[in-house]
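[1] the sequence and its predicted three-dimensional model are supplied below.
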Protein chains: 2
Amino acid sequence: MDERRLYWQIVDGIEQSIEAGDYPAGTRLPPERELAEHYQVSRPTIREAIIALEVRQRVEVKTGSGVYVLPSPTPTIAVNAFELTQARALIEGEIAFLAAGRISDKELQQLAETVAAMQDQQYVEAADERFHQIIAAATGNGAMLQSFNNLWALRSSTAEIIDDYQSVCGSDNHQTIAEHSAILTALQQRDPEQARAAMHRHFHRLLNAMLDQSEAKALAELQRRSSEKRSQYSLETLLPEHLD
Amino acid sequence: MDERRLYWQIVDGIEQSIEAGDYPAGTRLPPERELAEHYQVSRPTIREAIIALEVRQRVEVKTGSGVYVLPSPTPTIAVNAFELTQARALIEGEIAFLAAGRISDKELQQLAETVAAMQDQQYVEAADERFHQIIAAATGNGAMLQSFNNLWALRSSTAEIIDDYQSVCGSDNHQTIAEHSAILTALQQRDPEQARAAMHRHFHRLLNAMLDQSEAKALAELQRRSSEKRSQYSLETLLPEHLD
DNA sequence: CTGCGTTTATTGGTTAACAAGTTGACTACA
DNA sequence: TGTAGTCAACTTGTTAACCAATAAACGCAG
């Protein structure tokens, strides 16, 4: 039951074909009519899909000649949750440092509200984002704010990162609240060094939690495989009658 | 003589109408058939334009209901050259800190080459970019590298920033080389603190140069206006004969 | 072998028609 | 009078068939 419009399916299909290397960069896609036949849709639908790909800069349409695959523009640097957390620690540390000298009373008030919301278990996710966002905006530096937004967007860029973050952020809520409070206190005192240190501690704990959990996961996986092998090869399963 | 495909003109037209406030966010666009008549094109062409807008996240299509205008997503945070330089100082400082502990001999070699190139006055611009890029990559942290790329892209995002950077970077080439050398030395010694400090000094000098020049520019502008006023109102111009 | 005209393949765009979903008004019933 | 169900009008979704414009491939003549 795919409710999306037809052309999105075609976009996905063609994009996957490109990804799979069926159409390397610079080569020509099959003509619209062939694609239409292949995907069992009409030519206008194919045209819509091609336009979507064109807007996304995946292909280039040359009138009368054909549709050509463009080289993928940003090779999308691979990032895992650990890298992201480390980067956030360092960059948001500087953001806190900068913000401490300029933050307004109103912004401090807003920060306190997000902490209170998290204590009430309300909109925990949103409150977390808002907390960090307010501090980034408080720097008064658009480039800093943009860097922050960029990093935050990375949080939901791959399934793996989403997974790692969710399983760690969900637990230890009171820890997060305590750390946010410490950051807030440092900002209230307009103490740049303290603010940076508190932010570093926040991410340091998060990173450690991630590493712990990653280790636990790897261990569980190991055990699962072992027991799988055991049940597959053990004589207990094959010849139970002889082993009592 | 518009060679672009027809639908782009429609995209521009609709986008301008949205920008102009004809269709505020959340409101519905006129039906496809009306738009087709208005722009004197066929309905498929209108559909193509709407799909382009949909991919660009400007509108949302609800089957059977209509096309709705989305709130403009990123209001493109305004950034000036000073903010950018400050952000680069802080973030690239951390990048240098991180890179110092992991940089390879090969990367150090490549850095030395960029410094040599700048000394020879060859590809100065490219060598500068490459210098900073190599260090960012040496962190081994994709999120850091991406943040760096994002900041570097900001350098050429507005005419104002391009201007400010060009007029400062062009001069004082030997200063830049000396600072790059200092950073390189710290990295060669694998000294994170020194690397960060050297990077900070690099941008500190750049920022001061920018401030100086901004001041000089403002002063020159002031003088220009004064002399303009003088020539406009001074009696010397109007009645020269009486004032010898 | 080269240059030029022709042919063919491909995209550009239009028209008309029907299918399917949404919305709101209208009617019948409680 | 209020509410729920029905239905008609409106809107997008998709298709088919058609001709125009362009670009590349082809073949022919010099």
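    Thanks, I have it.

[2] write out the residues of chain A neighbouring DNA strand D.
    Near DNA strand D, the residues belonging to chain A are A:5-7, A:40-45, A:62-65 when assessed by C-beta under 7 Å from any atom of the strand. To be clear about C-beta, it is placed using only N, CA and C from the backbone, and glycine gets the same treatment.

[3] can the lengthiest helix in chain A be found next to chain B?
    If each helix of chain A is counted by residues according to DSSP state H, the longest one is helix A:192-233. No - looking at helix A:192-233 against chain B by C-beta under 8 Å from any C-beta of the partner chain, there are no contacts, and the closest approach is 10.2 Å.

[4] could you report the neighbour count for the closest residue to DNA strand D within chain A?
    Checking chain A residue by residue against DNA strand D with C-beta to the nearest atom of the strand singles out A:G64 as nearest, at 2.5 Å. Burial of A:G64 is recorded as 4 neighbouring residues (other C-beta atoms under 10 Å in any protein chain shown).

[5] ditto for A:W152
    By other C-beta under 10 Å, 16 other residues sit near A:W152.

[6] and it, what pLDDT?
    Model confidence at A:W152, given as pLDDT, is 95.

[7] which SS class is the residue of chain A closest to DNA strand D?
    Taken by DSSP: H, G, I helix; E, B strand; the rest coil, the conformation at A:G64 corresponds to coil.

[8] and it, what does it touch?
    When contacts are counted by C-beta atoms under 8 Å, 6 or more residues apart in numbering or on different chains, A:G64 touches no other residue.

[9] get me the contact residues on chain A for DNA strand C.
    Remark: the part of chain A in contact with DNA strand C comprises A:29, A:31-33, A:43-44, A:47, A:50, A:61-67, using C-beta under 7 Å from any atom of the strand.

[10] of those residues, which is the nearest to B:A81?
    A:V61 (37.9 Å; C-beta to C-beta).

[11] returning to that earlier point: packing partners for the longest helix of chain A?
    Contact analysis of helix A:192-233 by 3 or more C-beta pairs under 8 Å, 6 or more residues apart in numbering or on different chains; DSSP states H and E lists helix A:81-100, helix A:159-170, helix A:173-188 as its packing neighbours.

[12] got the buried residues for stretch A:31-45?
    For stretch A:31-45, the neighbour count (16 or more other C-beta atoms under 10 Å in any protein chain shown) marks A:32, A:35-36, A:39, A:41, A:45 as buried.

[13] does it reach chain B?
    Yes - for stretch A:31-45, a contact with chain B is found by C-beta under 8 Å from any C-beta, at A:P44.

[14] before we move on, back to that, confidence-wise, which of the residues of chain A next to DNA strand D comes last?
    For the residues of chain A next to DNA strand D, the least confidently modelled position is A:R5, at 79, judged by pLDDT.

[15] one step back: which of the helices and strands packed on helix A:192-233 has the lowest average pLDDT?
    When the helices and strands packed on helix A:192-233 are compared on mean pLDDT, helix A:159-170 scores lowest, with a mean of 82.

[16] elements contacting that one?
    helix A:81-100, helix A:192-233.

[17] apart from its neighbours in sequence, what residue is nearest A:F203?
    By the measure of C-beta to C-beta, 6 or more residues apart in numbering or on different chains, the closest residue to A:F203 outside its immediate chain neighbours is A:A89, 3.4 Å from it.

[18] burial check on the one you found, number of neighbours?
    Each residue near A:A89 was counted by other C-beta under 10 Å, and the total is 18.

[19] was I right to think it contacts A:A197?
    No - counting by C-beta atoms under 8 Å, A:A89 stays clear of A:A197, with 11.2 Å between them.

[20] quickly list the domain ranges of chain A.
    With automatic domain parsing serving as the domain definition, the record reports that chain A contains domains spanning A:6-69, A:81-217.

[21] out of the helices and strands in chain A, which is least certain?
    Taking mean pLDDT, DSSP states H and E as the measure, chain A has helix A:235-238 as its least confident helix or strand, at a mean of 68.

[22] ok so, going back, highest mean neighbour count out of the helices and strands packed on helix A:192-233?
    When you average the neighbours per residue for each of these (mean count of other C-beta atoms under 10 Å in any protein chain shown), helix A:81-100 leads with a mean of 24.

[23] and that helix with helix A:192-233, angle?
    For helix A:81-100 against helix A:192-233, the angle between stretch directions is 170 degrees (axes from the mean of the first three to the mean of the last three C-alpha atoms, to 10 degrees).

[24] can I get the very next helix or strand once past helix A:81-100 as CSV, trimmed to CA atoms?
    Using DSSP states H and E, the helix or strand that follows helix A:81-100 towards the C-terminus is helix A:105-119. Taking Å, rounded to 0.1, in the frame of the first residue of the first chain, the C-alpha atoms of helix A:105-119 are listed here in CSV:
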residue,chain,number,x,y,z
ASP,A,105,18.4,37.4,30.6
LYS,A,106,15.5,36.4,28.4
GLU,A,107,17.5,33.6,26.8
LEU,A,108,18.5,32.4,30.3
GLN,A,109,14.9,32.3,31.2
GLN,A,110,14.0,30.3,28.1
LEU,A,111,16.8,27.8,29.0
ALA,A,112,15.4,27.4,32.5
GLU,A,113,12.1,26.6,30.9
THR,A,114,13.5,23.8,28.8
VAL,A,115,15.2,22.3,31.9
ALA,A,116,11.9,22.5,33.8
ALA,A,117,10.1,20.8,30.9
MET,A,118,12.5,17.9,30.9
GLN,A,119,12.1,17.5,34.7
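
[25] same for helix A:105-119, what does it pack against?
    Applying 3+ C-beta pairs under 8 Å, 6+ apart, we find helix A:105-119 packed against helix A:124-138, helix A:173-188.

[26] that one: which residues count as buried?
    Within helix A:105-119, the residues that qualify as buried by neighbour count (16+ other C-beta under 10 Å) are A:107-108, A:110-111, A:114-115, A:117-118.

[27] just the angle between that helix and helix A:124-138, please?
    For the pair helix A:105-119 and helix A:124-138, the angle between their directions (the same axes, to 10 degrees) equals 160 degrees.

[28] gap between helix A:105-119 and the chain center?
    From the chain centre to the centre of helix A:105-119 is a distance of 25 Å (C-alpha atoms, centre = their mean, to the nearest Å).

[29] one more: stretch A:79-92?
    Computed by C-alpha atoms, centre = their mean, the chain-centroid distance of stretch A:79-92 equals 11 Å.

[30] go on, stretch A:198-218?
    Relative to the chain's own centre, stretch A:198-218 is displaced by 17 Å; criterion: C-alpha atoms, centre = their mean.

[31] list the contacts of that stretch.
    Contacts made with stretch A:198-218 from outside it, assessed by C-beta under 8 Å, 6+ apart, are listed as A:81-82, A:85-86, A:88-89, A:92-93, A:95-96, A:164, A:167-169, A:171-172, A:175-176, A:179-180, A:182-183, A:185-186.

[32] pLDDT wise, what is A:N80 at?
    For A:N80, the model assigns a pLDDT of 90.

[33] any low-confidence regions in chain A?
    Per-residue confidence for chain A (pLDDT under 70) gives these ranges: A:1-3, A:73-76, A:170, A:235-244.
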